[in-house]
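Asks: any chance you could fold what I've pasted below:
(3 chains)
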Amino acid sequence: MTGEPGPFIRIEGVSKRFGTFEAVKDVNLTIDKGEIFALLGGSGCGKTTLLRMLAGFEEPSAGRIFIDGQDMAGTPPWDRAVHMMFQSYALFPHMSVERNIAYGLKHERLTTAQRRDRVREMLDLVQLTQFAERKPHQISGGQRQRVALARALARQPKLLLLDEPLAALDKKLREHTQFELMSIQQRTGVTFIVVTHDQEEAMTLADRIAVMDRGTVRQVGSAGEIYEYPNSRFVAGFIGTVSTFPGRVVRLTGDLAEIDIPAMNGTFAARAVPGLTEGRNVTVALRPEKVQISKICPDAVNVFEGQVKDLAYFGKDSLYRVTLPAGDLILAHAVNARRGSDSDRTADWDDKVWLSFEPASAILLTD
Amino acid sequence: MKRSPVFLITVLCFGFAFFYIPILSMMVYSFNDSRLATVWGGFSTRWYETLLSNRQVGAALLLSVQIALISATCATILGAMAGITLARFRRFRGRTFFSGMVTAPLIMPEVITGISSLMFFIMLGQWIGWPGQRGFTTITLAHITFSMVYVTTVVHSRMLQMDRSIEEAAMDLGSRPWQVLKDVTLPVISPALLSGWLLAFTISLDDVVITSFTTGPGATTLPLLIWSKVKLGVTPDINALATLTVLAVGFCVAIAGVLMNRAERRRLADERLAYQANG
Amino acid sequence: MSVVAQWFNRRGWRDLIIGLPYLWLVAFFLLPFLIVIAMSVATRTPTAPPFGYGGDNPAINLEGYRRLLSDTLYLRAFVTSLMNAGTATLLCLLLGYPMALGLTRVSKGWRNILLMLVILPFWTSFLLRVYAWMGLMGRNSWFNQLLTDGWNWLVPTAWAVNSVPMMHTNFAVVLVMVYTYLPFMILPLYANLERLDPQLDEAAMDLGSRPSRVFLDVTLPQSIPGIIAGGLLVFIPAAGELVIPTLVGNSASPMIGRVISDEFAQARDWPMASAVAVALLMLMVLPTMAYSHYQSKAEHREDDTP
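Replies: You can find the predicted model right below:
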């Protein structure tokens, strides 16, 4: 261990080409020690390729990867203190749970007793002691996932890579396992990099998230930063739901911008972002829960009219699809805070409604 | 379950009658007392006595089994290597050529394999003085060569089905590629190795054409012995031999069936276990 | 770690795994095969071994190929082989297809037993399976007598026969070929038909197709890969067959395998035998190449639709 301060993992200008296809394009990332970091993106966005480069299964076509200050170029997977939990779990079908976990230890100089203790410790960590003798096909999917985790952690890696760790589990088990993963990470202190296509999973698990698209990293930040302050239309649309409208900056006063939004038939105030100039075209993005809906004209700053086209009742809340005068649609969320029958709800099909949003809630995107 | 149309069932019955009537007829006639193999002359077991007292048959069977054991084992080793090569080594010089050489013997008519091997051994004998005489060694070499490609096919297709990530997992946990092969790949494909071995064994045990070209004085395998007899026409003691063969094969298949049934039951029990573990 | 172990870790194991079967095939398959090709342009001489190269003989002697095209014996043998193998393949398909389809329609317990019964003859000796038919087709056998009685009952007395001449005819060759190669047709077809989604049949019926139309519109087009695979597995060994025509065939119109074997062993004309062999191989290679082309195209299609 070098012990020098600075990022634990540094990915510098890494690209990977397969023939003419560029799977990963010039990615730069730094990840701190002990962090849970998520690579989030749709299929084919390059997240798994990036993970495989960290594990050593693929060599970058360009750029360098440093782990704990050490350049990993040319280091084969078996010499890296980086372990991976595979999406299919990749348990050895012909070995018992115990031997699966012990497999990596045979390459370490340990006495038989030490090895046995380590395996026992791992079985304990994932609560599988009573299943030690079973073969992988004799245990359930959730248990297999824990064996895979224990096997990867047994060698005490510096870095654990998790490829879609929860994708093969059913929904109920997934939630439970998420928290288990987080608690195991806290107890062991190992740095986790999680690849996932599931934004909820990334948001609950990870300290920071890198959103990837077509081989590039679009934004890095905490779940809150990415959700509330997306830096591009792609990220805004990828994480959560959003309604977007083209607009133009009419005037800048202090940290407020006045935006002309033709779809809403007027000018509206929004919190300014750096780089805005008067006359510039922007995209205004609004999250449904930031849009208030009511049948009476509210006393607010940004108010506009619409007509309810569709509504979906979910119990705790409802989602409205509202047609604006120019024909565009906007989504608005309403919490059903009070109990009542159908006739008591905020608005009904074809009702004329008033919509409003706070200046700070509007997301201005300049890309 | 879908309806089973009368037509399909009729054809199935006809097909199985077609498969088994000749065999049953042969078995019945093996107990025929008449010297004319096709005319019924009363019940007798004399052809079994003739067969079992024939020392040649025993010697030929022994030779066949020896050749089949050695060639199946060598063919499995070489075939597994070739199968692993095709499935795992994407890039090496002459890969296309290699995969061509592995497929070609499968479509090569046996006559051509036979004469090419014979000419090869004769010319090799002229060039380097070995093999001086054809027989056990030349038959075994030829059998290894044409049965290894069947093993290759079996192993290759099993390797393609295998989840590659378990090999990567072993590598990730610190094993070098050859350790991965030893610890993970070979154990996982072991059923394919077994069925490849069995295939190579039967092919070798059953071969007439290639053996007849590569054999030499004194090396008469069982198929060669039968071949030389039936070329002259139908002889009753071959009926007896055929009956014994069918019974032996039937016995082995029945045992295999019982074992498979047991494995299936164990698999169901395991599934139950996994299900309970879940709950 | 010793130097040897280090080398082994780095490259040795890989070189060994590729190299051993590679060298084996080069030595025992490729080399003999090249000898056949070289032999086909050698000159026949009354020496032992019976061929000459260089010296007084031309470097490349195309006599064998010339005779192949001029002597009708060879052309007739090729035609007989193709006809017999083609007929056997077609009959295997006509019998094997409904059998394979029938196997997919019976209950699971029965299916395993019946599949076992299809494979069982394959494990018994090939030679003995041919031999079984020699017993049945012989002039005095119960099978032949049964057919004879049937024939005599059907036709006028003037056409009556003592026995049906079956042995030593091309009919016998085709019959025995169908018998011995039928499993090679049934198994790939079954594997193909079993994978088809039965819901497709139901969908077609739901959309108003009668069962016979469902078969033509849904089942048959999807089973073409199985038909091609089974067809090749029957046709290729049948076309080069030596044992069956030798035992039950008509020696007046031999198949090509017999011709190669006779040229080689009886006439001791190695160059001629090799020329015929090369020609036969060319004939085998074409359908196989077409098949692998078709297959790789099919694989590409599957890759495109994830």
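Asks: residue numbers of chain A in contact with chain B?
Replies: A:55-57, A:76-80, A:82-84, A:86-88, A:90-94, A:103-104, A:107-108, A:131, A:134-135, A:137-143, A:151-152, A:155 (C-beta under 8 Å from any C-beta of the partner chain). To be clear about C-beta, it is placed using only N, CA and C from the backbone, and glycine gets the same treatment.
Asks: which of those residues are buried?
Replies: Applying 16 or more other C-beta atoms under 10 Å in any protein chain shown to those, the neighbour count classes A:55-57, A:77-78, A:80, A:82-84, A:86-88, A:90-92, A:94, A:103-104, A:131, A:134-135, A:138-140, A:142-143, A:151-152, A:155 as buried.
Asks: of these, which belong to helices?
Replies: A:55, A:142, A:143, A:151, A:152 (DSSP state H).
Asks: now, which of those sits nearest chain C?
Replies: Distance to chain C, by C-beta to the nearest C-beta, is smallest for residue A:55 among these, at 19.6 Å.
Asks: can you name the element that comes right after the host helix or strand of residue B:47?
Replies: Element membership of residue B:47, judged by DSSP states H and E, is helix B:46-53. Later in the chain than helix B:46-53, the nearest helix or strand by DSSP H and E is helix B:55-88.
Asks: how about the following helix or strand past that next one, does it reach chain C?
Replies: Going down the chain from helix B:55-88, the next helix or strand is helix B:95-107, by DSSP H and E. Yes - under the criterion of C-beta under 8 Å from any C-beta, helix B:95-107 makes contact with chain C via B:98, B:101, B:102, B:103, B:104, B:105, B:107.
Asks: how about the nearest residue to the second one, chain neighbours excluded?
Replies: Ranked by C-beta to C-beta, 6 or more residues apart in numbering or on different chains and with sequence neighbours excluded, the top spatial neighbour of residue B:101 is residue C:25, at 4.5 Å.
Asks: just say helix, strand or coil for that neighbour.
Replies: helix (DSSP: H, G, I helix; E, B strand; the rest coil).
Asks: what's the burial count for it?
Replies: 24 (other C-beta atoms under 10 Å in any protein chain shown).
Asks: hang on, isn't it packed against residue B:100?
Replies: No - here residue C:25 does not reach residue B:100: they are 9.8 Å apart, not a contact under C-beta atoms under 8 Å.
Asks: how far away is the residue of chain B found nearest chain C from residue C:81?
Replies: Nearest to chain C, among the residues of chain B, is residue B:109, at 2.5 Å (C-beta to the nearest C-beta). Relative to residue C:81, residue B:109 is positioned 10 Å away (C-beta to C-beta, to the nearest Å).
Asks: what touches both of the two?
Replies: C:239, C:240, C:241, C:257, C:280 (C-beta atoms under 8 Å, 6 or more residues apart in numbering or on different chains).
Asks: return the residues in contact with residue C:234.
Replies: C:85, C:88, C:89, C:92, C:177, C:181, C:184, C:185.
Asks: tell me the one of the residues you listed nearest residue A:334?
Replies: The shortest approach to residue A:334 among the contacts of residue C:234 belongs to residue C:185, at 67.1 Å (C-beta to C-beta).
Asks: apart from its neighbours in sequence, what residue is nearest the closest one?
Replies: If the residues on either side of it in the chain are set aside, residue C:185 comes closest to residue C:96, at 3.6 Å by C-beta to C-beta, 6+ apart.
Asks: all helices of the chain, in order?
Replies: Defaulting to chain A. Using DSSP H, helices in chain A cover A:47-55, A:97-102, A:112-125, A:141-154, A:171-188, A:199-205, A:223-228, A:233-238.
Asks: please refer instead to chain B.
Replies: Using DSSP H, helices in chain B cover B:6-29, B:46-53, B:55-88, B:95-107, B:110-128, B:136-161, B:164-172, B:177-180, B:186-188, B:190-206, B:209-214, B:222-230, B:236-278.
Asks: would you pull up the residue in chain A closest to chain C?
Replies: For chain A, C-beta to the nearest C-beta, closest residue to chain C: residue A:43, 8.8 Å.
Asks: rewinding a little: including neighbour count, pLDDT and secondary structure, could the shared contacts of residue B:109 and residue C:81 go into CSV?
Replies: Formatted as CSV, these follow (neighbours: other C-beta atoms under 10 Å in any protein chain shown; pLDDT from 0 to 100; DSSP: H, G, I helix; E, B strand; the rest coil):
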residue, neighbour count, pLDDT, secondary structure
C:239, 24, 93, helix
C:240, 26, 92, coil
C:241, 28, 94, coil
C:257, 30, 94, helix
C:280, 23, 93, helix
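Asks: and the stretch 51-200 of chain B, which of its residues are near chain A?
Replies: So far as C-beta under 8 Å from any C-beta goes, the stretch 51-200 of chain B lies against chain A at B:163, B:165-166, B:168-176, B:183-184, B:187-188.
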